[in-house]
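**Q** Give me coordinates for this.
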Amino acid sequence: AFNKEEDVIATFKRDNDILYTSAWKSQFLSGMMMPIMQFVGNLGYVGEVILGGYLAMKGRIQVGDIQSFIQYVRSFTQPIQQVAQVANMLQSTAAASERVFEFLEEAEEDQTVEHPACIDEMEGSVSFEHVHFGYNPDHTIINDFSVDVKPGQKVAIVGPTGAGKTTIIKLLMRFYDVGSGSIKVDGHDVRDFNRDDLRKMFGMVLQDTWLFKGSIEDNIRYGRLDATHEEVVEAAKAARAHRFIQTLPGGYQMELNEEASNVSQGQKQLLTIARAMLADPKILILDEATSSVDTRTEIQIQKAMDQLMKGRTSFVIAHRLSTIRDADMILVMKDGDIVEQGNHEELLAQNGFYEVHKNRIIALKITESLKRNKALSEENLTTPFEYARKHAGNNPDRSAFITFRGQKSVCYYARKYTVNIHCMK
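**A** Modelled structure (predicted):
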């Protein structure tokens, strides 16, 4: 996939050769250990017989003394041979014990603080003040990150893979502590909260949905365990999940299997949104929540998320422009730094990194739809903009005017992302 076949094969071959060489040496030395020990032991017997025979001929010892000495040597060498036989097992045990003791010696996280801040009257303002962080102390990936988020604001975080978007969320929820600087919620440093209390303020909807074996109602109620059936139903209605739940056999009492494979990906996402609505968090985090669903399901999930974000401080990590264009503030990250900041219109006016990132997303989306329609493969082109240039010429305002017998989804993406495409039936 992604034209990485040769690289993956080369990496596998290199790692496999290293494993083969190490395993061969290990097995060879382990197999040689016992014969070597037996050979050394037999040399001892030969020496005893020669020396004992000589002394017996001189009359200094008896033959019984030689036999006794041989038995003593055998009793001495037998445990050594047994240890040699299990030497490879001892080496594996030593390596495993190092990892176990390394884990046991790790310092435990402080779950509580002496005078914790109260979370009852929190409004949801968040501020990052000159935050520096690196998973490895020698390599900093977040550099002097500062931003103020007001209560109820929707903040979108965009940028290429590896820019540090998800790392910011991990720091906010204190899965890691900052290297320097501070993160504050309503003026309180996150280190002033008990970890459990801090995380109760957040609700998360992730790309990878997590549902457990049990009824649909139990999965939604996991957001707030003391919720009544009526509250679960209200949360499902707000998340636009109630309708499809009613069509399922058993409704809210339908049992999900271990992998939750008896509902679709979009339905899983709606259930997790309903769970977040039931939890009623002060601050909401959406991490690529619509990245793995189709266009129609994306619209449903987007409407549910809009309902969920009303009146809440929200952090949205997404690559889809439909998710981020209405944000109050868009943070454009690159290599751990905020390179641009503003709303959608302001960033487009800057004609900077955000617009380049936006055009790349548009190209990928429309390319996918065109390829499904075989429009690009027939033309042997790689992007809709190349297709546009061939059929309509270069346009000074960068809009792609494309005429083809295409799908509705292409027209949908075109209008949604303000790319002018003329679709023919």
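**Q** Flag every buried residue along stretch 142-156.
**A** 142, 145, 147, 149, 153, 154, 155, 156 (16 or more other Cβ atoms under 10 Å). In short, each C-beta sits where N, CA and C put it, glycine included.
**Q** what about the strands in the chain?
**A** Using DSSP state E, the strands of the chain run over 126-133, 142-149, 154-158, 180-185, 188-189, 202-206, 214-215, 255-256, 283-287, 313-317, 329-334, 337-342, 402-404, 421-423.
**Q** Mind naming the longest helix for this protein?
**A** When the chain is parsed with DSSP state H, its longest helix is helix 5-57.
**Q** hang on, the earlier thing: ranking the strands of the chain by burial, who's on top?
**A** strand 313-317 (a mean of 25; mean count of other Cβ atoms under 10 Å).
**Q** In terms of secondary structure, what does that strand contact?
**A** strand 154-158, helix 165-172, strand 283-287 (3 or more Cβ pairs under 8 Å, 6 or more residues apart in numbering; DSSP states H and E).
**Q** Identify all contacting residues around the first one.
**A** Residues lying outside strand 154-158 but in contact with it, judged by Cβ atoms under 8 Å, 6 or more residues apart in numbering, are 147, 149, 165, 168, 309, 313-319, 323-324, 326-333, 354, 357.
**Q** can I assume residue 181 is in contact with residue 143?
**A** No - Residue 181 is beyond contact range of residue 143, at 10.3 Å (criterion: Cβ atoms under 8 Å).
**Q** Mind listing the shared neighbours of those two?
**A** residue 132.
**Q** Return the residues in contact with residue 237.
**A** Residues in contact with residue 237 (Cβ under 8 Å, 6+ apart): none are found.
**Q** do you know how far it is from residue 278?
**A** 11 Å (Cβ to Cβ, to the nearest Å).
**Q** One more: residue 249?
**A** 23 Å.
**Q** Which of these two has more residues huddled nearby?
**A** Legend: neighbour count by other Cβ atoms under 10 Å for residue 249 and residue 278, higher for residue 278 (23 against 8).
**Q** Does that one touch residue 225 like I think?
**A** No - with contact defined as Cβ under 8 Å, residue 278 and residue 225 do not form a contacting pair (9.9 Å).
**Q** Read off the pLDDT value for the residue nearest to residue 268 when sequence neighbours are not counted.
**A** Once flanking residues are discounted, residue 268 sits nearest to residue 209: 4.1 Å by Cβ to Cβ, 6 or more residues apart in numbering. With respect to pLDDT, residue 209 scores 80.
**Q** Residue 209 against residue 260, yeah?
**A** Yes - at 7.4 Å, residue 209 and residue 260 qualify as touching, with contact defined as Cβ under 8 Å.
**Q** and for those two, which residues touch both?
**A** Contacts common to residue 209 and residue 260, judged by Cβ under 8 Å, 6+ apart, are residue 268.
**Q** Which residue, other than its chain neighbours, is closest to residue 241?
**A** residue 270 (4.0 Å).
**Q** ditto for residue 117
**A** Nearest residue to residue 117, sequence neighbours excluded (Cβ to Cβ, 6+ apart): residue 188, at 4.2 Å.
**Q** That neighbour is in contact with residue 119, isn't it?
**A** No - contact criterion Cβ under 8 Å: residue 188 and residue 119 do not qualify, at 9.1 Å.
**Q** For the residue nearest to residue 241, give its distance to residue 216.
**A** Taking Cβ to Cβ, one finds residue 270 at 11 Å from residue 216.
**Q** Contact partners for residue 85?
**A** 33, 34.
**Q** And for residue 213, the neighbour number?
**A** The burial count for residue 213: 12, using other Cβ under 10 Å.
**Q** shift numbering so it begins at 36
**A** All right, first residue 36 from here; so that's residue 248.
**Q** Tell me how many other residues crowd the closest residue to it other than its chain neighbours.
**A** Counting by Cβ to Cβ, 6+ apart, residue 248 lies nearest to residue 293, which is 5.1 Å off, once chain neighbours are set aside. Residue 293 has 8 neighbours, counted by other Cβ under 10 Å.
**Q** Could you do residue 116 as well?
**A** By the measure other Cβ under 10 Å, the count of residues near residue 116 is 16.
**Q** wait, isn't it in contact with residue 70?
**A** No - under the criterion of Cβ under 8 Å, residue 116 is not in contact with residue 70, lying 10.3 Å apart.
**Q** Okay, residue 293 and residue 165: tell me how far apart.
**A** In terms of Cβ to Cβ, residue 293 sits 45 Å off from residue 165.
**Q** Number of residues surrounding the nearest residue to residue 335 once chain neighbours are set aside?
**A** Counting by Cβ to Cβ, 6+ apart, the nearest residue to residue 335 once its immediate chain neighbours are dropped is residue 275, at 5.6 Å. By other Cβ under 10 Å, 18 other residues sit near residue 275.
**Q** Dihedrals phi and psi, residue 275?
**A** Dihedral angles of residue 275 (phi, psi; degrees, to the nearest 10) stand at phi 60, psi 30.
**Q** got the contact list for it?
**A** If you count contacts by Cβ under 8 Å, 6+ apart, residue 275 has them with 305, 335, 338, 339, 342.
**Q** who's in contact with residue 157?
**A** The contact partners of residue 157, taken as Cβ under 8 Å, 6+ apart, are 220, 221, 236, 317.
**Q** Need the pLDDT of residue 218.
**A** 91.
**Q** ditto for residue 413
**A** Per-residue confidence at residue 413 stands at 41 (pLDDT).
**Q** about what we covered before: out of residue 305 and residue 251, which sits in the more crowded spot?
**A** Applying other Cβ under 10 Å to residue 305 and residue 251 shows that residue 305 carries more neighbours, namely 28 against 25.
**Q** was I right about the more buried one contacting residue 277?
**A** No - using Cβ under 8 Å, residue 305 is not in contact with residue 277, being 9.5 Å away.
**Q** circling back: state the distance from the residue nearest to residue 335 to residue 301.
**A** Relative to residue 301, and taking Cβ to Cβ, residue 275 is found at 10 Å.
**Q** what residues are shared contacts of these two?
**A** By Cβ under 8 Å, 6+ apart, residue 275 and residue 301 have these common neighbours: residue 335.
**Q** where does this structure dip in pLDDT?
**A** Confidence mapping of the chain against pLDDT under 70 gives the ranges 36-37, 123, 324-333, 354-358, 371, 388-460.
**Q** burial count for the nearest residue to residue 302 once chain neighbours are set aside?
**A** The shortest distance from residue 302 to any non-neighbouring residue, by Cβ to Cβ, 6+ apart, is to residue 279 (5.8 Å). Using other Cβ under 10 Å, residue 279 has 16 other residues around it.
**Q** I'm done for today, thanks for sticking with me.
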